[in-house]
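**Student:** Only the shape, not the letters, is given here:
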């Protein structure tokens, strides 16, 4: 690999990608079947390059890929520029999202049993916000849908993957003792 050229290409691919880009996606664009370690090494170099306070952006590993993000110390200026309205998530939606994140794949009836109330509207809201998705259907009478979290969920909460979720004990007050 031409390290300088490949480094510039990889940096650009991460920059222009709307969603976190995976090493496999980078290999596809470069039309290579192997070289994951070399790509990872170059990305690690880029992460190191952007880690100094000279830059207002950084490369983060999130949702099983890599993405440019603004550094937290300049958040106030970014907010002023964007006047971003954060996603407002109700307590019921956070509770439902937590249940789905820890118990996926999970059916609606199981979510309702854990919460003790009907979750139809909350699930619809989470689907609309693309924080959860339908993973398929259970092979049970009525073929109920099963739900799981999305890459957008990982991005929003800054997780690389589901292994980054905090231990369930830390959020038991949200999802109960189930």
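**Tutor:** Looks like it arrived, so ask away. Computed from a prediction, not measured in an experiment: that's the story for all the values here. Residues are numbered from 1 along each chain as shown.
**Student:** Nearest spatial neighbour of the most centrally placed residue in the chain, chain-adjacent residues omitted?
**Tutor:** When the chain is reduced to its mean C-alpha position, the nearest residue by Cα atoms, centre = their mean turns out to be residue 154, at 1.8 Å. Excluding the flanking residues, the one nearest residue 154 by Cβ to Cβ, 6 or more residues apart in numbering is residue 63, at 3.8 Å. For glycine as for every other residue, the C-beta is placed from the backbone atoms N, C-alpha and C.
**Student:** any idea how far that neighbour is from residue 44?
**Tutor:** According to Cβ to Cβ, to the nearest Å, residue 63 stands 18 Å off from residue 44.
**Student:** And residue 52, by the same measure?
**Tutor:** Residue 52 is 15 Å from residue 44, by Cβ to Cβ.
**Student:** Which one of the two is surrounded by more residues?
**Tutor:** Applying other Cβ atoms under 10 Å to residue 52 and residue 44 shows that residue 44 carries more neighbours, namely 12 against 8.
**Student:** host element of the more buried one?
**Tutor:** Using DSSP states H and E, residue 44 falls within helix 36-50.
**Student:** for that helix, packing partners?
**Tutor:** On a contact count with 3 or more Cβ pairs under 8 Å, 6 or more residues apart in numbering; DSSP states H and E, helix 36-50 meets helix 3-16, helix 23-29, strand 57-62.
**Student:** Residue 148 against residue 104, yeah?
**Tutor:** Yes: counting by Cβ atoms under 8 Å, residue 148 touches residue 104, with 3.8 Å between them.
**Student:** pLDDT score for whatever residue is furthest in space from the centre of the chain?
**Tutor:** For the chain, the residue at maximal distance from the C-alpha centroid (Cα atoms, centre = their mean) is residue 141, at 32.6 Å. Residue 141 is assigned a predicted lDDT (pLDDT) of 92.
**Student:** Show me where the protein has its helices.
**Tutor:** Assigned by DSSP state H, the chain shows helices spanning 3-16, 23-29, 36-50, 75-82, 91-103, 108-115, 120-128, 151-157, 172-175.
**Student:** what's the closest of the ones you listed to residue 56?
**Tutor:** For residue 56, the closest of the helices of the chain is helix 75-82, at 8.6 Å, according to Cβ to Cβ.
**Student:** From the chain's centroid, how far away is the closest one?
**Tutor:** A distance of 22 Å separates the centroid of the chain from that of helix 75-82, by Cα atoms, centre = their mean, to the nearest Å.
**Student:** now residue 105, nearest residue through space, not along the chain?
**Tutor:** That would be residue 146: by Cβ to Cβ, 6+ apart, it lies 4.0 Å from residue 105.
**Student:** Residue 56 now?
**Tutor:** Nearest to residue 56 is residue 74, by Cβ to Cβ, 6+ apart, at 5.0 Å.
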